[in-house]
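Trainee: Next input, structure requested:
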Amino acid sequence: MFLRKVTLLKENITDFKTYPFFIPAIKEMDTLNFNSHVTFFVGENGSGKSTLLEAIAYQCGFNTAGGGKNNIHDVDSSQAALGDYIRLSWLPKATKGFFLRAESFYHFASHLDQINKDDPIFNYQGYGGKSLHRQSHGESFISLLLNRFGDAGIYLLDEPEAALSPARQLAFMRIIHQLACAGNSQFIIATHSPILLGYPGATIFSFASSIENIMYKDTEHYQITKGFLNSPERYLVELFRDDE
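Mentor: Sure thing, here's the model as predicted:
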């Protein structure tokens, strides 16, 4: 284990009516404790889960546009607004890792292409030996996981399911399992995927009016998905009732 807890430095915040401090989950946050190798952040869009994940990446020294410590590129809206207002507690401190943002993955792949253009010796070392743009979205994502992620680091992923089919989400879970079982990797993942959330033994933090540790089957993602799959007709009738 690496990251043990994240503390919001409330004494440094002068105005809780400004972004991102007015987000309920952030406003009510004190300290989050991490006790497992895999942790999920879940919640509606705008609930603060990606904001906190980005702030953790900032404090880890990772590029908040996506990448590791040595990836220098920029993307609009990639600044970590919460980054200077949290404190990370480590045991021991991780020196390796990666921050993956699904929304900026295309820009990261282009960044690697530019590196390879400037330095052909690079030859996409650590990324499968070829441009991520020469693979499908899902293939490039899995290639990144297999080649860039190692057995000793902290890995922060923001909505990785955006690139993955259900079958590849299961493959992704196996990769996580292999790395986590080695005892030297930690994953913190913001997700909407009820498949990924089923990872055994994971901690799940739900972002709403506050941040709460909940069980898998208590997540809205699991309950809605299960309800829909068990009775899609009932959901669709209710959903389209006003259109009749």
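Trainee: At which residues are the strands of this structure located?
Mentor: Using DSSP state E, the strands of the chain run over 3-8, 31-33, 38-43, 86-90, 97-101, 153-158, 185-190, 203-207, 211-214.
Trainee: Parallel or antiparallel, which strands does the fourth one pair with?
Mentor: By that I understand strand 86-90. strand 3-8 (antiparallel) (DSSP bridges).
Trainee: what's the answer for the third one, then?
Mentor: As defined by DSSP bridges, the strand partners of strand 38-43 come to strand 185-190 (parallel), strand 203-207 (parallel).
Trainee: need the contact list for Ile142.
Mentor: With contacts defined as C-beta atoms under 8 Å, 6 or more residues apart in numbering, Ile142 is in contact with 164, 168, 171-172, 175. No exception for glycine: its C-beta is placed from N, CA and C like everyone else's.
Trainee: Determine the set of other helices and strands touching the worst-scoring helix or strand of the chain on mean pLDDT.
Mentor: Every helix and strand of the chain was ranked by mean pLDDT, DSSP states H and E. The lowest is helix 105-118, at a mean of 73. The contact analysis (3 or more C-beta pairs under 8 Å, 6 or more residues apart in numbering; DSSP states H and E) places helix 105-118 against helix 137-148.
Trainee: hmm, back to that, Serialize the contacts of Ile142 to CSV and add fields for distance to Ala80.
Mentor: Shown next, in CSV, are those (distance: C-beta to C-beta, whole Å):
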residue, distance to Ala80
Leu164, 25
Arg168, 28
Ala171, 30
Phe172, 25
Ile175, 26
